[in-house]
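Trainee: I would like to see how this sequence folds:
(2 chains)
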Amino acid sequence: AQSVAQPEDQVNVAEGNPLTVKCTYSVSGNPYLFWYVQYPNRGLQFLLKYITGDNLVKGSYGFEAEFNKSQTSFHLKKPSALVSDSALYFCAVTRNSGYALNFGKGTSLLVTP
Amino acid sequence: EAGVVQSPRYKIIEKKQPVAFWCNPISGHNTLYWYRQNLGQGPELLIRYENEEAVDDSQLPKDRFSAERLKGVDSTLKIQPAELGDSAVYLCASSLQGVTEAFFGQGTRLTVV
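Mentor: Numbers count the residues shown, from 1 in each chain, chains lettered A, B, ... in the order given. Coordinates of the predicted model:
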């Protein structure tokens, strides 16, 4: 079975500061890892994924994530937060292409002016 | 290109009544998913289709839930009879076969009273 844990219900950061949203995973075999964002009353939007290769993955809207196999983590980062980044962020994992994603419970990001 | 389209956006029904949700995936996407998202939680898979075949329905409560994707394109998810605990957002997603990231619709928010 595969799962992800998002240890923080909410992350608060001031605009212009760097942000990190944490995610750890558990999967047998090599993980396929994802980040999605959800704005109010909207569906989930794909941000980025890690399948293989470079541990630092760049995605949409200036977000990036770092895969760390030894720590089984896949933290989402952005060098300079924007107020418009305020949303709900979900980490997800699967063990193979075409399989359904297993999502974490989400982390609410609040960026204050 | 149109994204995943779901209807209705909102539905309020009395318990014990039936309800149906419709999803039209992105054109050419063979894989279709139905997820349920409870308040404050991440999406949980209900069923996954490869073309018209349900390849993973292990999490679908089959006593009251049913789904179909007759021609391998659009899909319908039905609940009969609905219970109070079914109140949630029902999300449809699609992906190309063998590709990992899924694209989500805006969801149907179901309220059972």
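
Trainee: show me where chain A has its strands.
Mentor: A:3-5, A:10-14, A:19-21, A:24-26, A:32-38, A:44-50, A:56-58, A:64-68, A:73-78, A:87-94, A:102-103, A:107-112 (DSSP state E).

Trainee: name the helices or strands packed onto the last one?
Mentor: Packed against strand A:107-112, as judged by 3 or more Cβ pairs under 8 Å, 6 or more residues apart in numbering or on different chains; DSSP states H and E, are the following elements: strand A:10-14, strand A:19-21, strand A:87-94. Bear in mind the C-beta positions are built from the backbone N, C-alpha and C, glycine included.

Trainee: identify whichever of those strands lies nearest to chain B.
Mentor: strand A:87-94 (5.3 Å; Cβ to the nearest Cβ).

Trainee: other residues contacting that closest one?
Mentor: Identification of contacts with strand A:87-94 by Cβ atoms under 8 Å, 6 or more residues apart in numbering or on different chains yields A:2-4, A:6, A:21, A:23, A:25-27, A:31-40, A:44, A:47, A:74, A:76, A:100-104, A:106-109, B:42-43, B:100.

Trainee: can you get me a residue count around residue B:22?
Mentor: By other Cβ atoms under 10 Å in any protein chain shown, 14 other residues sit near residue B:22.

Trainee: okay, now residue 89: neighbour count?
Mentor: In the absence of a named chain, this looks at chain A. Neighbours around residue A:89, by other Cβ under 10 Å: 24.

Trainee: nope, chain B please
Mentor: Residue B:89: 20 neighbours (other Cβ under 10 Å).

Trainee: right, and it touches residue B:110 too?
Mentor: Yes: between residue B:89 and residue B:110 there is a contact at 7.4 Å, judged by Cβ atoms under 8 Å.

Trainee: need the contact partners of stretch B:24-33.
Mentor: Outside stretch B:24-33, the residues within contact range by Cβ under 8 Å, 6+ apart are A:98, A:100, B:1-6, B:23, B:45, B:47-51, B:69, B:72-75, B:92-97, B:102-103.

Trainee: make CSV out of the strands of chain A and add distance to residue B:13.
Mentor: Below are these laid out as CSV (distance: least, Cβ to Cβ, whole Å):
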stretch, distance to residue B:13
strand A:3-5, 32
strand A:10-14, 32
strand A:19-21, 36
strand A:24-26, 37
strand A:32-38, 24
strand A:44-50, 25
strand A:56-58, 42
strand A:64-68, 40
strand A:73-78, 37
strand A:87-94, 26
strand A:102-103, 26
strand A:107-112, 29
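
Trainee: now render those strands as JSON lines, adding mean pLDDT.
Mentor: Converted to JSON lines, the strands of chain A look like this (pLDDT from 0 to 100):
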{"stretch": "strand A:3-5", "mean pLDDT": "94"}
{"stretch": "strand A:10-14", "mean pLDDT": "98"}
{"stretch": "strand A:19-21", "mean pLDDT": "98"}
{"stretch": "strand A:24-26", "mean pLDDT": "95"}
{"stretch": "strand A:32-38", "mean pLDDT": "95"}
{"stretch": "strand A:44-50", "mean pLDDT": "94"}
{"stretch": "strand A:56-58", "mean pLDDT": "96"}
{"stretch": "strand A:64-68", "mean pLDDT": "96"}
{"stretch": "strand A:73-78", "mean pLDDT": "98"}
{"stretch": "strand A:87-94", "mean pLDDT": "95"}
{"stretch": "strand A:102-103", "mean pLDDT": "94"}
{"stretch": "strand A:107-112", "mean pLDDT": "97"}
